[in-house]
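> Sequence first, then the predicted structure, then my questions.
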Amino acid sequence: MAIDKNKPLEQQNTPDRNGSGGSNSDTASTSTRRRNKPRRDGKGSNTKTNNPTTANSAKSSSRRGGKDQANKDSQALSTAVNPEIVSSDATDDAAAIAEGGIKALGDKRIIPFMKIEKPMALLSLFMVIASIIAIAVNGLNLGLDFTGGVSADVRYEQPVEQVAVVQALADNGFDDAVVQYLGTREELLVRLPPQSDNVDGLSTSLTQALALPSNTAAISNVNIIGSQVGNEVYLNSVMSLVLALVCMLGYVALRFQFKLSLGAVLSLFHDAIVTIGIFALFGFPFDLTVLAAILALVGYSINDTIVVYDRIRENFRRVRGITPEQTIDLSLTETLRRTIMTISTVLLVVLAMLFLGGDGLYWFSVALFIGLIAGTYSSTYIASSIPLRMGLSRDDFIVKVKPEFEEEIVTFNDPKMFEQDNV
């Protein structure tokens with residue numbers, strides 16, 4: 001049987017719908033119905049991707065769509081897994097799906113924070129060295145909590161101002177007094193530098209010095225704090241600060257990655273040492289309230305750093321086709337709005353305490369204000385740039401599963417087989 005060249009072989013051998021077999025007859029050709037849809041392209045689908053006719057029509061329709069559709073596509077990030085993206089490693093895809101799917105950037109704007117990484121690193125190094133020199137040369141103006149002294153609980157008959165009490169003590173020879181309210185404006189805590197060890201004579205002298213016109217004072221309790229107790233408080237304060245940094249190092253190392261934990265601890269050390277250095281440089285009084293502010297600053301700064309680190313880990317797993325530096329820039333850009341809102345609300349509270357909180361909260365607020373500025377800066381540059389310089393990459397956040405069994409080709413060389421072949 002001759003094969004017609006004008007008709008493919010499968011058209012001749014394929015039976016039609018009416019049950020007639022494929023042949024060279026005119027009846028089969030005339031009974032064939034014209035398809036309304038395009039034929040399959042040989043790959044088993046009539047989709048737009050595989051069919052060139054529909055692909056061209058899709059391109060023309062997308063061009064006619066104008067800029068509106070393009071703007072809609074570039075406004076939001078795609079959080080679904082795109083089946084057309086073929087990954088070379090199934091582990092990367094599994095990690096991306098666990099975080100919510102592969103993220104497409106589109107036309108998203110990324111602020112290049114890491115472009116000025118080196119100048120900021122030099123600035124941080126200069127501030128840390130200057131702070132250490134100020135602490136070593138000037139020392140800290142330690143308060144009565146560390147040096148020892150006298151504390152007295154005083155109660156007035158009528159409300160009194162702190163400034164009036166301090167002035168009355170200074171007029172009677174008690175300089176450098178610290179006065180704080182104890183719940184109400186009638187009850188105060190008065191702290192003085194080391195005085196004589198005679199408690200009875202000291203109590204009488206303080207009662208006379210604290211007396212105000214038409215407002216008498218009564219001292220309920222007088223405590224003398226020795227220098228040895230002050231030294232123990234100072235050492236315990238330093239140990240508490242070091243222990244807080246070590247705990248932060250362990251937490252970030254277990255929660256994220258060791259490279260990130262080292263960057264977080266160095267940024268916390270930067271915040272604490274810069275705040276203490278400014279107090280040493282200008283001679284501000286350093287007491288337990290300032291130490292409490294530094295410990296609170298450590299907690300705030302690590303919280304801000306954890307938010308940035310969580311977004312860095314997510315983007316390393318979900319975003320494809322960008323460098324580690326661009327991944328960190330993307331993470332900092334996405335968390336920038338949250339950082340601005342957080343620091344703004346906290347600064348409002350700190351400024352309220354600074355101007356309205358009185359003398360008892362003044363230096364506490366000053367320490368927090370300095371530390372918040374340093375902490376926001378360090379979370380952006382120090383905590384993120386140090387892991388990047390240590391070689392942070394996607395491999396640090398994806399667990400590579402090793403196969404338990406590997407196939408091996410074993411070759412046995414039996415001498416008897418060669419002997420049988422020779423025979």
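Received, thanks.
> Now do the same contact list for residue 397.
Contact partners of residue 397, counting by C-beta atoms under 8 Å, 6 or more residues apart in numbering, are 95, 257, 313, 316, 317. Glycine gets a C-beta too; all of them are placed from N, C-alpha and C.
> List just the nearest of those to residue 126.
residue 257 (28.5 Å; C-beta to C-beta).
> Run a quick neighbour tally on the closest residue to that closest one other than its chain neighbours.
Spatially, and ignoring its direct neighbours in sequence, residue 257 is nearest to residue 396 (5.1 Å; C-beta to C-beta, 6 or more residues apart in numbering). Other residues within reach of residue 396, judged by other C-beta atoms under 10 Å, total 17.
> Mind telling me the two of the contacts of residue 397 farthest from one another?
Checking the contacts of residue 397 with C-beta to C-beta, the most distant pair is 95 and 257, at 13.6 Å.
> Top of the contacts of residue 397 by number of neighbours, please.
Most surrounded of those: other C-beta under 10 Å gives residue 316, at 26 neighbours.
> ok, back up a step: okay, the contacts of residue 397 in TSV with pLDDT next?
Output for the contacts of residue 397, formatted as TSV (pLDDT from 0 to 100):
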residue	pLDDT
95	53
257	83
313	89
316	88
317	84
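> nearest to residue 372, of the residues you listed?
residue 313 (25.1 Å).
> which residues touch the closest one?
Shown in contact with residue 313 (C-beta under 8 Å, 6+ apart): 256, 257, 397.
> following the helix or strand hosting it, which helix or strand comes up?
Secondary structure assignment for residue 313, by DSSP states H and E: helix 288-318. The first helix or strand that comes after helix 288-318 along the chain, using DSSP H and E, is helix 324-356.
> quick one: low-confidence parts of the chain?
1-107, 196-200, 227-230, 399-423 (pLDDT under 70).
> buried residues in stretch 235-252?
237, 241, 244, 245, 248, 249, 252 (16 or more other C-beta atoms under 10 Å).
> all helices of the stretch 151-300 of the chain, in order?
In the stretch 151-300 of the chain, the helices defined using DSSP state H, counting those that start in this stretch lie at 162-171, 199-210, 227-255, 258-282, 288-318.
> Distance of residue 203 relative to residue 221?
9 Å (C-beta to C-beta, to the nearest Å).
> Which neighbours do those two have in common?
If you check residue 203 and residue 221 against C-beta under 8 Å, 6+ apart, the residues they both contact are residue 152.
> So for the two, which sits in the more crowded spot?
Per other C-beta under 10 Å, whichever of residue 203 and residue 221 has more neighbours is residue 203, with 15 against 10.
> show me the contacts for the more buried one.
Counted by C-beta under 8 Å, 6+ apart, residue 203 has contacts 152, 219, 222.
> Could you give the number of residues near the closest residue to residue 111 other than its chain neighbours?
Leaving aside its sequence neighbours, residue 111 sits nearest to residue 333 (C-beta to C-beta, 6+ apart; 4.7 Å). Number of residues near residue 333 (other C-beta under 10 Å) recorded here: 16.
> Remind me what the helix or strand containing residue 371 packs against, helices and strands.
Here residue 371, judged by DSSP H and E, is contained in helix 362-380. With contacts taken as 3 or more C-beta pairs under 8 Å, 6 or more residues apart in numbering; DSSP states H and E, helix 362-380 sits against helix 258-282, helix 288-318, helix 324-356.
> wait, what's in contact with the residue nearest to residue 111?
With C-beta under 8 Å, 6+ apart, residue 333 has these contacts: 109, 110, 111, 113.
> Equivalent analysis for residue 354, please.
The neighbours of residue 354, taking C-beta under 8 Å, 6+ apart as the test, are 361, 362, 365, 366, 369.
> Buried among those? Make that a ChimeraX selection.
Buried residues within the contacts of residue 354, by 16+ other C-beta under 10 Å, are selected in ChimeraX with:
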select :361,362,365,366,369
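> possible to save the contacts of residue 354 as a markdown table with distance to residue 178?
Converted to a markdown table, the contacts of residue 354 look like this (distance: C-beta to C-beta, whole Å):
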| residue | distance to residue 178 |
| --- | --- |
| 361 | 12 |
| 362 | 11 |
| 365 | 16 |
| 366 | 15 |
| 369 | 20 |
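> Now for the residue nearest to residue 202 when sequence neighbours are not counted: which residues touch it?
Among residues not flanking residue 202 along the chain, residue 195 sits closest, at 5.6 Å (C-beta to C-beta, 6+ apart). The contact partners of residue 195, taken as C-beta under 8 Å, 6+ apart, are 149, 150, 202, 224.
> Farthest-apart pair in those residues, please.
Pairwise across those, and taking C-beta to C-beta, the largest span is found between 149 and 202, at 11.3 Å.
> Comparing these two, which residue is more hemmed in?
Set side by side, residue 149 and residue 202 show more neighbours around residue 149, with 22 against 19, by other C-beta under 10 Å.
> ok, now how distant is that one from residue 203?
Taking C-beta to C-beta, one finds residue 149 at 15 Å from residue 203.
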